[in-house]
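>>> With the sequence up front, the predicted model follows.
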Amino acid sequence: MATIRVVAVCGTRPDAIKMAPVIRHLQSAPRFEVRLVATGQHREMLDQVLRLFDLTPDIDLNIMTPHQTLSEITIRTLQGLDALLRTDPPDVVLAQGDTTTTFVSALSAFYHKIPFGHVEAGLRTYDKYHPFPEEVNRRLTAPIAEFHFAPTERARQNLLQEHIPAERIWVTGNTGIDAVLWVANQPFETEDPALQRALLHEGRLVLLTTHRRENWGEPMRQIAHAVCHLLEQFRDLLLLVPMHRNPLVREALVPLLGDHPRALLTEPLDYAPFVHAMRKATLILTDSGGVQEEAPAFGKPILVLRTTTERPEGVEAGTAKLVGTDPEAIVQEAARLLTDEDAYQQMAQAVNPYGDGHASERIRTILLEQLGE
Ligand code: UD1
Ligand code: UDP
């Protein structure tokens, strides 16, 4: 029986987190030969995840530049993948989600007439600038993909509406849940003083992450104002803010929060410490996609710092609420959860609308069935 040759591409932190369990499962099956291609769209944030999952890229395009533009990421990734897919075409190219690394991987596979498998297919807001450019990245990936691995039934329905044939869509769960459950079960200790302070804090911990393009500048400063206000209102609160490497995030947050004695502004946390910080947190404020999927698994209420979400399942399950970036709305909702025990408990339900931790195994089985003849 012939080997199934796979090129798996990742570039950003969430690409690596969500592709790592898939790559690990494929690598452990004798029928598959996997080449891991890192675009390096993120440098440090990608590398730390790959190290955790003990993955070494076979090819590293190393495209990141400071303050990179969307066009630069696109052009540099397309050029790098073009050379690779032309000289040594695999049976399938796989990538996840909605990053520019992923969209360009699909495009490049298409140019070389290589089937593309889309992990985390079918998420939609149907608002093309929210989130930008992710909504359009994932929508443009759909017509190219041959295999659509939808995390939820709703994602499958979105794809069906777009006339993707039902027999090309599989509901697998989200591979990010495979990753987070695996990490949560590993032994963990830390010598990082900031993280130790957060994990040992006797009062309540609020965890904040923000990086979305729509929130750059004023909205992000508004978020910082809101959490300053919360710190003043609730004296037991400790705020942990692992800051994305994008310099624009620091420019918005540090001037307002940098000197506050109960705000810990840190470098991005490695994935394992971040998971433990989520588990310790009383409340999570975030504009991240992945964190919206992970927090419900731990029964952590999240206030989503956005006006739209492609992940409505958490909102419907009652663990997430869209609050946008208006400081009054953020303070009001957070204060309600911090003072009203019933309101808090209603949101603090552990549910897993995004997966059961076995999505990667399913993807491997499907690829074997589809490509293994
Ligand atoms: C990217 C994705 C976004 C995803 C996010 C996850 C696109 C267009 N955007 O956005 O969908 O939600 O990653 O975090 O694909 N930087 C570093 N080191 C790193 C990572 C980033 O220095 O390890 C800095 C660089 O200056 C870089 C900047 O951050 O130019 C922005 O990175 P980029 O990938 O362009 O955008 P993100 O906002 O990270
Ligand atoms: N994450 C992390 N360290 C941090 C912040 C987030 O490891 O300091 C993880 C988080 O658990 C989730 C993923 O990174 O799995 C989400 O990445 P990000 O918010 O950058 O991107 P998005 O999911 O919004 O595309």
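Thanks, I have the structure now. Ligands and ions are numbered 1, 2, ... in the order given.

>>> which non-adjacent residue is nearest residue 256?
residue 224 (4.0 Å; CB to CB, 6 or more residues apart in numbering). C-betas here are computed from N, CA, C, even on glycine.

>>> Not counting sequence-adjacent ones, nearest residue to the residue most central in space within the chain?
Nearest to the mean C-alpha position of the chain, counting by CA atoms, centre = their mean, stands residue 290 at 3.3 Å. Closest residue in space to residue 290, ignoring its immediate chain neighbours: residue 14 at 4.8 Å, by CB to CB, 6+ apart.

>>> repeat for residue 359
Per CB to CB, 6+ apart, closest to residue 359 is residue 173, 3.8 Å.

>>> does that neighbour count as helix, strand or coil?
coil (DSSP: H, G, I helix; E, B strand; the rest coil).

>>> Likewise for residue 357?
Applying three-state DSSP: residue 357 is coil.

>>> For residue 101, I want the exact helix or strand it lies within.
Following DSSP states H and E, the helix or strand that holds residue 101 is helix 100-111.

>>> Heading C-terminal from that helix, find the next helix or strand.
With secondary structure assigned by DSSP H and E, helix 100-111 is succeeded by strand 116-119.

>>> Tell me the helices and strands packed up against that following strand.
helix 13-27, strand 92-96, helix 100-111, strand 147-150, helix 359-371 (3 or more CB pairs under 8 Å, 6 or more residues apart in numbering; DSSP states H and E).

>>> tell me which residues of the helix or strand following that strand are tucked away?
Proceeding N to C from strand 116-119, the next assigned helix or strand is helix 134-141, under DSSP H and E. For helix 134-141, the neighbour count (16 or more other CB atoms under 10 Å) marks 134, 135, 137, 138, 139, 141 as buried.

>>> What pLDDT does the model give the first one?
pLDDT for residue 134: 98.

>>> List the residues that contact it.
Applying CB atoms under 8 Å, 6 or more residues apart in numbering, we find residue 134 in contact with 97, 98, 99, 289, 310.

>>> can you rerun that using 7 Å?
Going by CB atoms under 7 Å, 6 or more residues apart in numbering, residue 134 touches residue 98.

>>> Same question for residue 210.
220, 223, 249, 286, 287, 305.

>>> low-scoring stretches of the stretch 51-200 of the chain, by residue?
For the stretch 51-200 of the chain, not a single residue meets the criterion pLDDT under 70.

>>> Okay, and the residue in it that ligand 2 sits nearest to sits in which element?
Nearest to ligand 2, among the residues of the stretch 51-200 of the chain, is residue 176, at 5.9 Å (CB to the nearest ligand atom). Assessed by DSSP H and E, residue 176 sits inside helix 175-184.

>>> which other helices and strands contact the following helix or strand past that helix?
Per DSSP H and E, the first helix or strand lying C-terminal to helix 175-184 is helix 193-200. Judged by 3 or more CB pairs under 7 Å, 6 or more residues apart in numbering; DSSP states H and E, the packing partners of helix 193-200 are strand 263-266, helix 271-280.

>>> Same question for the longest helix along the chain: list its buried residues.
In the chain, with assignment by DSSP state H, the single longest helix is helix 70-87. By 16+ other CB under 10 Å, the buried positions in helix 70-87 come out as 73, 74, 76, 77, 78, 80, 81, 84, 85.

>>> do you know how far the residue nearest to residue 256 is from ligand 1?
Counting by CB to the nearest ligand atom, to the nearest Å, the gap between residue 224 and ligand 1 amounts to 17 Å.

>>> ok, that residue touching residue 260?
No. Using CB atoms under 7 Å, residue 224 is not in contact with residue 260; the gap is 9.8 Å.

>>> Between those two, tell me which one has more neighbours.
residue 224 (23 against 15; other CB atoms under 10 Å).

>>> what is the mean pLDDT for the strand or helix carrying that one?
Using DSSP H and E, residue 224 sits in helix 218-233. Computed over helix 218-233, the mean pLDDT rounds to 98.

>>> if we can go back for a sec, and the residue nearest to residue 290, what is it in contact with?
97, 289, 290.

>>> The closest residue to residue 85 other than its chain neighbours: neighbour count?
The shortest distance from residue 85 to any non-neighbouring residue, by CB to CB, 6+ apart, is to residue 112 (4.5 Å). Neighbourhood size, residue 112 [other CB under 10 Å]: 14.

>>> Over to residue 127?
Quick note: residue 127 (other CB under 10 Å) scores 12 neighbours.

>>> With residue 2 instead?
9.

>>> tell me the secondary structure for it?
Relying on three-state DSSP, one would call residue 2 coil.

>>> Next one, pLDDT for it please.
For residue 2, the predicted pLDDT is 91.
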